[in-house]
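[1] Structure of the sequence below:
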Amino acid sequence: MDYRELLREENEAVRERYDLSMERIAAMEEEGPAEPYGCYFKRVAAFIGQIRELVCQIEAGTELTLEELEERNRRLYGDVLPEHYGNSFANPDCAAERLGAELGQLLAFLYTEIRGDIAFAFEMRLEEITILNETFIEVCNLFEQAEAEGKGAPQPQEVRDILYWFVSDYADITVRWRIREAVDPALSFAADIIRDSDLGDLRYLYRFGEYISDNERRLAEFMNSLPQETVDRMADTYTEGFRRGFEVMGRDLSKKRTVVIEYHLGFERMIRKAMENFQKMGLTPILYRAAVQSINRKAAGKRGYYGASPNKQYEYDHRYDSALYMGSAIRERKLAVSRAAYEEFKELAGGCAGPALVETFGEEGFSPVNKKTAFSLNAHQEEVTSALANELRQIANRYMPGDETSFTIIAFPMPQIGPDFADIFRETIVINTLDYDKYRDIQQVIIDALDQADYVEVTGRGRNETDIRVKLHTLADRTRETNFENCVADVNIPLGEVFTSPLLAGTEGLLHVGNVYVEDYQFKNLRIRFAEGRVTDFSCENFKPDGDWMEQGRKLVKQVILRGHDWLPLGEFAIGTNTAAYAMAKRFGIGDKLPILIAEKMGPHFAVGDTCYSFAEDSPMYNPDGREVIARDNEVSLLRRTDMAKAYFSCHTDITIPYSELGDITAVRADGSRIGIIRDGRFALAGTEALNEALGER
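    Okay, here's the model as predicted:
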């Protein structure tokens, strides 16, 4: 069934309410509450008027020129672009200054939710637009009533109550849809655009409804300039990595029917070829948009497909909008809706093979400003949010078991990386397709040495203060068992690491990195201290020399790296071997812009959170040499056998020490004898010399 036909009945059922709400809101553009609140309602009403016009154009099939599409895109997103954001009611500072601290914060939340109408209009989801319209009208009526009664404005709690019940009452629509769109290929809005469009005509980019910057346009133009052979090579590496992931994990891909593609707009030519490849494997692609509603958004990172961020500060300001309503009642509401939705779509969920992600790098680093006017989670809400994320993952795992699915991730640069973009892109293709056999054999040499160790020591060099000891599992039979997985090009592209899930008891010390890029944030002088394998302290110097820079830095580390948790276990220790990637980064001066996917292959890395095998610890994992990787658990993940809620954290965040900051990595045997894996930033084992060639002379 055609996607729009799928929504036709739903849209017809809500059409009268939609029309009535639009008429009422159109009147607000002329008349509304008195100032200072009138300006807010008129401006938001004007934005909704743009949505009404957009829906009409889409329903009528109106064809616009590229210039007209660009102008419409700028208009829809204009209010939150950096040059206008200072005067936007989506900006909590502006809203608080003009509307009062409490009411401003609440109304900024409402406007941000309403801005999700852009996505709903393009997808013709009139029910969601109508719900937001009616909520906006209800809040406006509250102000008009207060004015009529001579109160000037309603009490903030009255507005808060409306917004709380808006989130709670409609969770069975918003949360249910979010789950369905991630498992149902019939919701083919984006897939249809990619399959049916003339990708040489850049107007197709504006059909998604995302913000399109010069970055996406230039990327699409560059992709169009590549020979088909190159595009095929990119797509084949990506899809073959996904298929091989099932093979190396001993899982049956033939039982699966769908695969989820997540990517940044601009790569459509590669994605179209990848969709064809997946279809030949028997997998129908699913593409769903990064969440636009607070109840479905994540505080850090995006999942799905997405365009440019119109303003990263805007997104940062609203990362904790859930603080308006988050508590035990909403937690139970979302869990109940999620259980019901997964049960409703259990056959679709069971047929999903997992996600295939295309990450990007090269965009300008973001230094956030922490605003007191923005929502923030209190201690109880942080606890509830963390518990909710864990419980939602457990629900999903019951319908999409981790030991029956896989994934793959690959990364490419964006034009914003600079004038060397084309050369960096081509070099990245080379790095993504390095010699599988060569690296497999070299990495086996490293594993053979590490498997003799009781623990591993890692130290920094120069200004790097790292000094950490990583405790390894005891091997009963080294001829049949190993601690480290030999990671070549399958789920995790590019190849180039050996990794393990270490024991926590006996793991301790300081991890320090001068500069590291995690999600959209570049951390400066990041320090994380471990005791008994658990994070005990953390800091960064991003906000130095502000007066409270230490506290601001702790908050940023907690939000982005610890995902809101007060502590996390060390879930992974790895040694990256992709010195070719390091050499590329050094040659082009882009080391601080690489995503963790590539950066983790450029030195030792440590991941806080769940192990690499979370929810699949009981499934055997074997290296190419036939030995079983037995280090799939730690003391925390083992708690799943008695209390699942204490075993997982629903996060896994990698942090890499680059070769330039690395001193030594030493395997220490139980008798105290030592094996140098890396000395002074260079690989030291016989059989690994080839890795040093790309590092060059000091």
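[2] Let me see the domain layout of this structure.
    Per the record, the chain has its domains at 3-169, 189-399, 436-693, by automatic domain parsing.
[3] what's the span of the first one from first residue to last?
    Between the opening and closing residues of domain 3-169 lies a distance of 26 Å (CA to CA, to the nearest Å).
[4] again, but for stretch 620-640
    Terminal residues of stretch 620-640 are spaced 17 Å apart (CA to CA).
[5] and what of stretch 300-317?
    12 Å.
[6] Residues contacting that stretch, please?
    77, 80-82, 85, 88, 90-92, 190, 205, 208, 210-213, 215-216, 261-265, 287-291, 319, 366, 368-369, 371, 374, 519-520, 559-560, 563 (CB atoms under 8 Å, 6 or more residues apart in numbering). Quick note: C-beta positions are derived from backbone N, CA and C, even for glycine.
[7] buried subset of these?
    77, 80, 85, 88, 90-92, 190, 205, 208, 210-213, 215-216, 261-265, 287-291, 319, 368, 374, 519-520, 559-560, 563 (16 or more other CB atoms under 10 Å).
[8] In helices only, show me those.
    Using DSSP state H, the members of these that fall within helices are 77, 85, 92, 190, 215-216, 559-560.
[9] burial measure for Glu16, as a count.
    Burial of Glu16 is recorded as 10 neighbouring residues (other CB atoms under 10 Å).
[10] helix or strand for it, which one?
    Assigned by DSSP states H and E, Glu16 belongs to helix 3-28.
[11] Let me see the mean pLDDT of that helix.
    The average pLDDT within helix 3-28 is 93.
[12] so what does the helix or strand that that helix is followed by touch, helix or strand wise?
    Downstream of helix 3-28, the first helix or strand assigned by DSSP H and E is helix 38-60. The contact analysis (3 or more CB pairs under 8 Å, 6 or more residues apart in numbering; DSSP states H and E) places helix 38-60 against helix 3-28, helix 66-77, helix 92-99, helix 101-114, helix 117-122, helix 126-148.
[13] Averaged pLDDT, helix 38-60. What do you get?
    97.
[14] Quick one: distance of it to the chain centre.
    Offset of helix 38-60 from its chain centre (CA atoms, centre = their mean, to the nearest Å): 30 Å.
[15] ok, residues contacting it?
    So helix 38-60 is contacted by 22, 25-26, 28-29, 32-33, 64, 72, 75-76, 79, 89, 95, 98-99, 107, 110-111, 114-115, 117-118, 121-122, 124, 126, 129, 133, 136, 140, 143 (CB under 8 Å, 6+ apart).
[16] Could you turn the buried ones of these into a ChimeraX selection?
    Per 16+ other CB under 10 Å, the buried members of these correspond to this ChimeraX selection:
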select :22,25,28,32,33,72,76,79,89,95,98,99,107,110,111,114,115,117,118,121,122,124,126,129,133,136,140,143
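[17] is it possible to export the domains of the chain to CSV including distance to Val430?
    Output for the domains of the chain, formatted as CSV (distance: least, CB to CB, whole Å):
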stretch, distance to Val430
domain 3-169, 33
domain 189-399, 10
domain 436-693, 8
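[18] any idea how far Phe588 is from Asn133?
    49 Å (CB to CB, to the nearest Å).
[19] actually Ala647, not the one I typed
    Noted for Ala647: a distance of 42 Å to Phe588, by CB to CB.
[20] And for Phe649?
    35 Å.
[21] More neighbours: the two, which one.
    Higher neighbour count among Phe649 and Phe588: Phe649, with 25 against 18, using other CB under 10 Å.
[22] Can you give me the neighbour number for the residue nearest to that one when sequence neighbours are not counted?
    Excluding the flanking residues, the one nearest Phe649 by CB to CB, 6 or more residues apart in numbering is Gly609, at 5.0 Å. Counted by other CB under 10 Å, the residues lying close to Gly609 total 23.
[23] and if you look at the one 3 residues further on?
    Here the count is done by other CB under 10 Å, and Cys612 has 21 residues near it.
[24] residues near the closest residue to it other than its chain neighbours, how many?
    In space, and not counting its chain neighbours, Cys612 is closest to Glu572: 5.3 Å by CB to CB, 6+ apart. Using other CB under 10 Å, Glu572 has 26 neighbouring residues.
[25] Tell me what Glu572 is bridged to.
    Bridge pairing for Glu572 (DSSP bridges) gives the partners Ala607.
[26] List the contacts of it.
    Contacts of Glu572 by CB under 8 Å, 6+ apart are 499-502, 605-607, 611-612, 652, 654.
[27] Can you check the pLDDT for it?
    96.
[28] Against Phe246, how distant is it?
    The gap separating Glu572 from Phe246 is 21 Å, by CB to CB.
[29] what does Arg641 give?
    The value you get for Arg641 to Phe246, if CB to CB is used, is 27 Å.
[30] These two: which has the busier surroundings?
    Using other CB under 10 Å, the more surrounded residue of Arg641 and Phe246 is Phe246, with 23 against 11.
[31] where does that one land in three-state SS?
    helix (DSSP: H, G, I helix; E, B strand; the rest coil).
[32] With Arg297 instead?
    Assignment for Arg297 (three-state DSSP): coil.
[33] What part of the protein, helix or strand, is modelled with the least confidence?
    The least trusted helix or strand in the chain, going by mean pLDDT, DSSP states H and E, turns out to be helix 596-599, with a mean of 79.
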